[in-house]
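Q: dropping a prediction and its sequence here:
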Amino acid sequence: MRGKTPFLSVVVTIVDGGEMLRKFLRALTTQEDPPSMEILLPYDASIPEIAEFRGEFPDITYLAMGVTEILRPIDTGAGQHELYDRRRAAGLAAARGTLIGILEDRAPVRANWARNVVLLHDKLPYGIIGGAIECAPCDLLNWAFYVCDLSRYGLPFEGGPWPMVSDVNVSYKRKMMDDTRHIWETRFNEAVVHWALREKGETIFLSPDLVVDYHTPYTSLAGVMPERFHWGRLFGHVRGKAMNPLSRVAHVVLGPLIPFVLLIRHGQAQARKGNLGRYLLAAPLVFVLSVGWAAGEVWGNITGRP
């Protein structure tokens, strides 16, 4: 039987597992001046190595999901992404805290993360507070991936209302999750949940005081592209459901322009952050990765399938 209700529940999404998960859990379990906190680690039958963590991290709540049925094959990017979403949903369903955080094992937290979650939610009225996602030292390919996927959350920036935040580093007042349970009950997709909360009048806030350091393990462009396509397809499917038919047609027709728009947009952002030189070196990789994303997004719009 679990003890008294924690103030902060943290749902950990396993993406890489292994040593990356170990590094992440060490960072989360050694926080400076943390609140009363429960750490929830949902895992399905595709993650056999959880037993080795139980002795090293005995205070974590391990949530066994068993064999989890998914729509796509488990060895595809789409299948893996669905498993991540279902793990998050399982963790959220078990969370008991007044505040709830969602993190990803690829992104270990800085030492003051848990304390700052509490301070920010105590000071600010917003129900959704996301944080900065910094790129850990890496080669050009993995940096290009970060630029395409998460660099909009890279430091420096001023905290304030933001169009979106990432489930790599986000926290909620409990009411936000209670009000959207019908949306994420089986599969948590942050875009769907956040759009629904924005429609209800909630403000999304991004803070530079919640920082994680993002690691990726990619060794080849060919290894990354299927993932970019499948993730883009999921986004296109979700976004398409919120569009009227005419807007969907326009988005599909203009789809070939997306990589060029992204290339310019990412370049402008990196120039503002002082990274223009490295961006110019990475631009060919960024463009190819953007083509993979755009193709998936358009296909998700056309087919209406995640």
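A: Right, received. Where do you want to start?

Q: chain neighbours aside, what residue packs nearest to residue 151?
A: When the adjacent residues along the chain are set aside, residue 151 lies closest to residue 269, with 6.3 Å between them (CB to CB, 6 or more residues apart in numbering). All C-beta atoms are positioned from the backbone trio N, CA, C, and that covers glycine.

Q: who does the host helix or strand of that neighbour touch, helix- and strand-wise?
A: Using DSSP states H and E, residue 269 sits within helix 258-272. For helix 258-272, the elements it packs on are helix 140-149, helix 276-303, judged by 3 or more CB pairs under 8 Å, 6 or more residues apart in numbering; DSSP states H and E.

Q: quick one: residues contacting residue 295.
A: Each residue near residue 295 by CB atoms under 8 Å, 6 or more residues apart in numbering is listed here: 229, 232, 255.

Q: quick one: which of those residues has the most company?
A: Neighbour counts for the contacts of residue 295 were taken using other CB atoms under 10 Å; the highest belongs to residue 232, which has 24 neighbours.

Q: between the contacts of residue 295, which sits nearest residue 40?
A: When the contacts of residue 295 are ranked by distance to residue 40 (CB to CB), residue 232 comes first, at 29.0 Å.

Q: isn't that closest one right up against residue 290?
A: No - in this structure, residue 232 sits apart from residue 290 without contact. The criterion is CB atoms under 8 Å, and the distance is 9.2 Å.

Q: so where's this structure uncertain?
A: 1-3, 305-306 (pLDDT under 70).

Q: could you rerun that using 80?
A: Low-confidence regions of the chain, defined here as pLDDT under 80, cover residues 1-4, 76-78, 237-244, 251, 303-306.

Q: where along it do the helices fall?
A: Counting by DSSP state H, the chain forms helices over residues 18-29, 51-54, 77-94, 113-123, 140-149, 174-179, 181-184, 190-199, 221-241, 245-253, 258-272, 276-303, given from the N-terminal end onward.

Q: to residue 133, which of those helices lies closest?
A: The stretch from the helices of the chain with the least distance to residue 133 (CB to CB) is helix 140-149; that distance is 8.2 Å.

Q: for residue 127, grab the count of nearby residues.
A: Burial measure for residue 127: 20 neighbouring residues, criterion other CB under 10 Å.

Q: ramachandran angles for it?
A: The main-chain torsion angles of residue 127 are listed as degrees, to the nearest 10 and equal phi -80, psi -20.

Q: wait, what's in contact with residue 238?
A: Residues touching residue 238, when contacts are defined by CB under 8 Å, 6+ apart, comprise 189, 191-192, 300, 306.

Q: report the two of those separated the most.
A: Looking at the contacts of residue 238 by CB to CB, the two members farthest from one another are 192 and 300, with 13.3 Å of separation.

Q: same drill for the two, tell me which one is more crowded.
A: Residue environment comparison for residue 192 versus residue 300 gives the larger neighbour count to residue 300, 25 against 18, counting by other CB under 10 Å.

Q: isn't residue 15 up against residue 103?
A: No - under the criterion of CB under 8 Å, residue 15 makes no contact with residue 103, lying 10.4 Å away.

Q: so which of those two has more stuff around it?
A: residue 103 (25 against 21).

Q: that one bridge partners, please.
A: Per DSSP bridges, the residues bridged to residue 103 are residue 12, residue 169.

Q: from residue 4, how far out is residue 101?
A: Remark: distance between residue 101 and residue 4 (CB to CB, to the nearest Å) = 19 Å.

Q: in terms of neighbours, single out the busier of these two.
A: A direct count of neighbours by other CB under 10 Å for residue 101 and residue 4 places residue 101 higher, at 26 against 7.

Q: got the contact list for the more buried one?
A: In this structure, residue 101 makes contact with 8-11, 114, 117, 170-172, judged by CB under 8 Å, 6+ apart.

Q: and the residues you listed, which are buried?
A: 8-11, 114, 117, 170-172 (16 or more other CB atoms under 10 Å).

Q: would TSV of the helices of the chain with distance to residue 160 be doable?
A: As requested, those are arranged in TSV below (distance: least, CB to CB, whole Å):
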stretch	distance to residue 160
helix 18-29	26
helix 51-54	37
helix 77-94	26
helix 113-123	12
helix 140-149	22
helix 174-179	18
helix 181-184	26
helix 190-199	15
helix 221-241	24
helix 245-253	28
helix 258-272	16
helix 276-303	25
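
Q: and of those helices, who's closest to residue 44?
A: With CB to CB as the measure, helix 77-94 is the member of the helices of the chain nearest residue 44 (6.3 Å).
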